[in-house]
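Peer 1: Quick one, structure for this:
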Amino acid sequence: MIENKQVDLKELEKFGSVENLNEQSITIVEHQKKNWQLAKKNFDALNSIQTKTFDFGHFHIQTQFNSERIKSSAAKTDAKSIAKRPCFLCLDNLPEEQSGLVFLNKYLILANPYPIFPVHLTISHKDHFKQEIKKYFGDMLELGKALSDFTVFYNGPKTGASAPDHFHFQAIIKNSLPIENEFENLEKHHSETLFQKDKTRILAVENYFRNFVNIVSDNKNEIEKIFHIICRALSDEPNNEPMLNILCTFEINLWRVIVFPRSKQRPSIFFSNDDRQILTSPASVEMGGILVLPREEDFKKITKKEIEEIYKEVSFDKRNFKKLVLTLKNVLK
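Peer 2: Residues are numbered from 1 along each chain as shown. Here you go, the predicted model:
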């Protein structure tokens, strides 16, 4: 039962604020660092990670050498490989030391034991079923509202999820990603307004290596409606989840949802059999502007040219994105 993995709030308050779920979710990381050696080791290791920033004019890409992310970046996510290993997000398989916070009586908010950021959460469903956002997008919006200091994100089964067999979200502190600090400029100079009514606005952003659609609204039902329109426009078949990554935040009574349509799971350079190989598996963090590299040799050798190639290869190209934009304009007008 999910309650068996819920941390006691009296125990949790020894490590920080427990005033609300948002504060508790920050404090749970400190609790786990004290009570779980693996979490302490990997969160502490973030103090010595190496980063570089590449300037592309009106935006930046940061690379991060993080060796502990090798399990995620190189994870085998095909059905045969998944079937061979126990699910590490199922309640019965969680380590004894791992505990978390219950949300909506069906999600467990956990400290991610292989973090990219000083506060990095995994929010997993109590039941075991595949990564598929459509039915649970509303839960993502509620999560974004409850975790007001966080950016909540979703990786699809073929766009970076290392556990495509178990439904989950992740969350990090707001403004940890370059895109969040660049958005005002993108909105002014590199976007097209597709729809605007009251406090609901839909933008298409190009000239960023990663073409994306942005939804801003105070109306949850309206966002859900628009999101499902986007999914239908992207889907080859009605029952298939399109390839996408999603970022969600809530601030000043407005949700912001960024949807990155994807064309590939991994770039061709991932599969190179020579010294050109760069081991990277782009997911929401990468689409947000931080390219995580688990091998030091890749971190040292990567150039602006290869960064551009990686992003453009896994993102929607100009032709397909314009087709998506035209569809959305016609449906939403």
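Peer 1: Find the least confident helix or strand in the chain, judged by mean pLDDT.
Peer 2: The weakest-scoring helix or strand in the chain, judged by mean pLDDT, DSSP states H and E, is helix 70-73 (a mean of 66).
Peer 1: Could you grab the helix/strand/coil label for the closest residue in space to E308 that isn't next to it in sequence?
Peer 2: Setting aside the residues directly before and after it, E308 is nearest to F209 in space (C-beta to C-beta, 6 or more residues apart in numbering), at 6.2 Å. Glycine gets a C-beta too; all of them are placed from N, C-alpha and C. In terms of secondary structure, F209 is coil; the call rests on DSSP: H, G, I helix; E, B strand; the rest coil.
Peer 1: Q265 is in contact with S315, correct?
Peer 2: No: contact between S315 and Q265 fails when scored by C-beta atoms under 8 Å: they sit 12.0 Å apart.
Peer 1: Between these two, tell me which one has more neighbours.
Peer 2: Between S315 and Q265, S315 has the larger neighbour count (other C-beta atoms under 10 Å), namely 23 against 18.
Peer 1: how many other residues sit next to I310?
Peer 2: Close neighbours of I310, defined as other C-beta under 10 Å, add up to 23.
Peer 1: Offset the numbering so it begins at 753, please.
Peer 2: Renumbered: residue one is now 753, and that last one reads I1062.
Peer 1: pLDDT score for it?
Peer 2: The model reports I1062 with a pLDDT of 97.
Peer 1: helices or strands up against the helix or strand that contains it?
Peer 2: According to DSSP states H and E, I1062 maps onto helix 1056-1066. Packing contacts for helix 1056-1066, counted by 3 or more C-beta pairs under 8 Å, 6 or more residues apart in numbering; DSSP states H and E, involve strand 812-817.
Peer 1: what comes up buried for the strand it packs on?
Peer 2: For strand 812-817, burial by neighbour count (16 or more other C-beta atoms under 10 Å) applies to 813, 815-817.
Peer 1: Likewise for stretch 983-995?
Peer 2: Going by neighbour count (16+ other C-beta under 10 Å), the buried part of stretch 983-995 is 983, 985-986, 993-995.
Peer 1: same question, stretch 803-810
Peer 2: So, applying 16+ other C-beta under 10 Å, buried residues of stretch 803-810: F806.
Peer 1: neighbours around the residue nearest to E1060, how many?
Peer 2: 19.
Peer 1: Can you identify each of the helices in the stretch 803-952 of the chain by residue range?
Peer 2: Listed in chain order, the helices of the stretch 803-952 of the chain (DSSP state H, counting those that start in this stretch) span 822-825, 831-836, 889-898, 930-941.
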